[in-house]
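1. model the structure of this input:
(one chain, ligands or ions: 4)
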Amino acid sequence: MERATTILIVDDDVSAVRAVSKAISGLGQVLFATQGDAAVELARQQQPDLILLDAQMPGISGFEVCRILKGDPSTSNIPVIFVTAHTEASMEEEGLELGAVDFIGKPIRPAIVAARVKTHLHLKLAMDRLNRQAQTDGMTGLANRRALDQSIEREWQSVLRTQRAFSLLLLDIDFFKRYNDHYGHLMGDECLSAVARVLARCAERPMDLAARYGGEEFAIVLPETTRDGACRVADKVIENVRALNIAHATSELGVVTVSVGVASFDAQSAGWSLLNQASANPSELLFSAAQLLSVADKALYAAKQSGRNSSRF
Ligand code: GH3
Ligand code: MG
Ligand code: MG
Ligand code: MG
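-> Residues are numbered from 1 along each chain as shown. Ligands and ions are numbered 1, 2, ... in the order given. Purely as a prediction, here's the structure:
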């Protein structure tokens, strides 16, 4: 479900908060903060779609708040509009240079504030939609290859920092060329979507990511997961895909099945001791995110060789 549009109003003067809030009523759910540090915290937690920001406040100024928000990847794409009595050109220039999308003078003219907020909200929501599409596989609705690569890279950086376990599954539908040849591409597409739904269900925790790697190949990113944990997820996927009971007359197995390659980076894997040796300077570590994919690929090949409908690490 889409969450409600949210607007954060930041002003140390409560009557200004009230006036701005009234001007934009109906355009979204309103949050407010009367101090800079609280505003930054709220923005990080609540991820508002727009921030209306007073420039002059005791403690952290609005300019400083804007600088912090734009420097943090988790808040940098939230549009900021300054609302301030300091309408000198130099102030406006500074605000815009900090990355604000607009600059509104006080006392506010309610209709103008509403119109500008509407425009910037429209742009922000359109940008969010495009970003989501750029990360999603159109056919299955899973994360696409781009999102997968980004997720693996992000998790890899976190492994280098925290030395926590990390696992990756690579999954491939068995005898899928024969399936297409026998049942046609339309049913092939339906089969891909059904398998994708199983993967989405098996990637249970919010931090897990199920993705379409390409063609009839998929991946599941499992942060903070050891080899044992990853093998359990692999077995669950294999079991649940088989349980779909999708007829596959030209497979020896009679129904659609998948094979899974497991790559893990944990206390049991060779890479882990390398990481510990190199932890003084992790960037010198030879083992990389790309190598994790190639380890999973080799394991997948072994699973195929051993008769399919199975997993290997
Ligand atoms: P194996 O068990 O060794 O994996 O054999 P396979 O036949 O599954 O492997 P192969 O790589 O030879 O064939 C993959 C097939 O997947 C070929 C291709 O036509 C099909 N495929 C890839 N993408 C799609 C798609 O989006 N839709 C459909 N219907 N088929 C696809
Ligand atoms: Mg003020
Ligand atoms: Mg394949
Ligand atoms: Mg295949």
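
2. please make it C-alpha for all contacts and neighbour counts, starting now.
-> Will do.

3. quick one: the strands in the stretch 101-250 of the chain, in order.
-> 102-105, 166-173, 209-214, 217-223 (DSSP state E, counting those that start in this stretch).

4. most packed of those strands?
-> strand 166-173 (a mean of 26; mean count of other CA atoms under 10 Å).

5. is that one anywhere near ligand 1?
-> Yes. Residues of strand 166-173 are located near ligand 1 by CA under 6 Å from any ligand atom, namely Asp172, Ile173.

6. and that strand, how far out from the chain middle?
-> Taking CA atoms, centre = their mean, to the nearest Å, the mean C-alpha location of strand 166-173 is offset from the chain mean by 18 Å.

7. got the angle for that strand vs strand 217-223?
-> 160 degrees (axes from the mean of the first three to the mean of the last three CA atoms, to 10 degrees).

8. pLDDT of strand 166-173, averaged?
-> In this model, strand 166-173 has an average pLDDT of 97.

9. sorry, back to before: put together JSON lines for the strands of the stretch 101-250 of the chain, with distance to Tyr301 on each row.
-> Output for the strands of the stretch 101-250 of the chain, formatted as JSON lines (distance: least, CA to CA, whole Å):
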{"stretch": "strand 102-105", "distance to Tyr301": "55"}
{"stretch": "strand 166-173", "distance to Tyr301": "10"}
{"stretch": "strand 209-214", "distance to Tyr301": "16"}
{"stretch": "strand 217-223", "distance to Tyr301": "12"}
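
10. to ligand 4, which of those lies closest?
-> strand 166-173 (4.3 Å; CA to the ion).

11. parallel or antiparallel, which strands does the helix or strand containing Ile81 pair with?
-> For Ile81, the element it lies in under DSSP states H and E is strand 80-84. Using DSSP bridges, strand 80-84 pairs in its sheet with strand 50-53 (parallel), strand 102-105 (parallel).

12. quick revisit: for Val159, which of the strands of the stretch 101-250 of the chain is the nearest?
-> For these, proximity to Val159 was assessed by CA to CA; strand 166-173 is nearest, at 7.1 Å.

13. list the neighbouring strands of the closest one plus their orientation.
-> strand 217-223 (antiparallel), strand 258-265 (antiparallel).
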